[in-house]
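*Asks:* make a model of this:
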Amino acid sequence: MSAKVCFVTGSARRIGASIIRKFAEEGYAVLIHVSSSIDAGNELKSELIKKGMQADLVQADLSDEPQTFDLISRVSEHSFVQQRGGIDVLVHNASVYEQIPISELNLEAMRFLNRLHVEAPLQLSQGFHHLLSSVQGSIVALTDTSAGKAWSELSHYTSSKAGLRQLMFNLAGEFAPHVRVNCVAPGAILSADWEQEHFDNIVKTIPLRRSGEPSDIAGAVYFFANSPYLTGQELFVDGGWGLNAS
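*Replies:* Next up, the predicted model:
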């Protein structure tokens, strides 16, 4: 029987790459998506193939609607997908995280993140629906822990992630019973260069007294992908940060 298939957007580095490694180690054929990180994606692909795993690379700019449609066609026709007769796991991971003061936030930045965090996941979810349905597959989206909170200079990021969260909840209802849809919300996992001091201060307040690892997120995604009675859920993987975070 052909291997199950996992497709992860934005998966050349960091959390996305960890998710790819987890599924590859569990015997899935994995499709690594990149926009501009082609070299990193090829390195990850080579690493997995050398270990005897099935991996391939696909490139597209998800901020571009025609490129996203073309990506859907190429993935649908990929040998991994054709041999399996479907896609078992679609992970919406591609994201951009940067601060912009509200006084400087413009519509172009808002449109870009809404495109990346909401429109592209909708396109991909719709485009792969029949392939997910055919194998009773699942979708997992990476949201965040900002729900109900105000994060300074991140209005564009948190609002678009809120849109992604709500979209996934709606799809969980629309796509049931043949496709399950869930969300994983990472806490303090990897800091951006510009937030290291803030990140370190947050870690001091986390009940488990440490930052998380990308493998913690990968494990949560794998859990949802292999839990057949879970849909419409969001799991905070935050070391207990949500217990006292404001």
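*Asks:* just the pLDDT for the closest residue to Thr205 other than its chain neighbours.
*Replies:* Counting by C-beta to C-beta, 6 or more residues apart in numbering, the nearest residue to Thr205 once its immediate chain neighbours are dropped is Asn244, at 6.4 Å. (C-beta placed from N, C-alpha, C; glycine too.) In this model, Asn244 is scored at 74, pLDDT.
*Asks:* could you report the neighbour count for Asn244?
*Replies:* Residues near Asn244, counting by other C-beta atoms under 10 Å, number 9.
*Asks:* from Ser152, how far out is it?
*Replies:* Counting by C-beta to C-beta, to the nearest Å, the gap from Asn244 to Ser152 is 18 Å.
*Asks:* what does Gly16 give?
*Replies:* Taking C-beta to C-beta as the measure, Gly16 falls 26 Å from Ser152.
*Asks:* one more: Val89?
*Replies:* Val89 is 34 Å from Ser152, where distance means C-beta to C-beta.
*Asks:* check Ile32 too.
*Replies:* Ile32 is 33 Å from Ser152, where distance means C-beta to C-beta.
*Asks:* of those two, which one has the most company?
*Replies:* Ranked by neighbour count (other C-beta under 10 Å), Ile32 and Ser152 place Ile32 first, with 28 against 9.
*Asks:* can you confirm that one is in a strand?
*Replies:* Yes: under DSSP: H, G, I helix; E, B strand; the rest coil, Ile32 sits within a strand.
*Asks:* for it, give me its contacts.
*Replies:* 8, 11-12, 17, 20, 41, 44-45, 55-58 (C-beta atoms under 8 Å, 6 or more residues apart in numbering).
*Asks:* nearest to Asp200 among these?
*Replies:* Each of these was checked against Asp200 using C-beta to C-beta; the closest is Ala17, at 23.5 Å.
*Asks:* hmm, who's touching the host helix or strand of that closest one?
*Replies:* Under the criterion of DSSP states H and E, Ala17 resides in helix 14-25. For helix 14-25, contacts defined as C-beta under 8 Å, 6+ apart pick out 6, 8-11, 30, 32, 40, 44, 48, 51, 53-55, 89, 91, 93-94, 142, 186, 189-190, 213-215, 217-219, 221-222, 225.
*Asks:* which of those residues fall in helices?
*Replies:* Among these, the ones falling in helices (DSSP state H) are 40, 44, 48, 214-215, 217-219, 221-222, 225.
*Asks:* now the residues you listed in a markdown table, with pLDDT?
*Replies:* Converted to a markdown table, the ones in helices among the contacts of helix 14-25 look like this (pLDDT from 0 to 100):
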| residue | pLDDT |
| --- | --- |
| Ala40 | 97 |
| Leu44 | 98 |
| Leu48 | 98 |
| Pro214 | 94 |
| Ser215 | 95 |
| Ile217 | 96 |
| Ala218 | 97 |
| Gly219 | 97 |
| Val221 | 98 |
| Tyr222 | 98 |
| Ala225 | 98 |
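*Asks:* ranking by neighbours, what's the top pick from the residues you listed?
*Replies:* Ranked by neighbour count (other C-beta under 10 Å), the ones in helices among the contacts of helix 14-25 have Val221 at the top, with 28 neighbours.
*Asks:* look at the closest residue to that one other than its chain neighbours and give its secondary structure.
*Replies:* The shortest distance from Val221 to any non-neighbouring residue, by C-beta to C-beta, 6+ apart, is to Val140 (4.9 Å). Following three-state DSSP, Val140 is assigned to strand.
*Asks:* now swap in the one 4 residues further on and tell me
*Replies:* Secondary structure assignment for Asp144 (three-state DSSP): coil.
*Asks:* for the residue lying closest to it once chain neighbours are set aside, what are its contacts?
*Replies:* Setting aside the residues directly before and after it, Asp144 is nearest to Lys161 in space (C-beta to C-beta, 6+ apart), at 4.9 Å. Contacts of Lys161 were listed using C-beta under 8 Å, 6+ apart, and they are 117, 143-144, 146.
*Asks:* kind regards, and thank you for your time.
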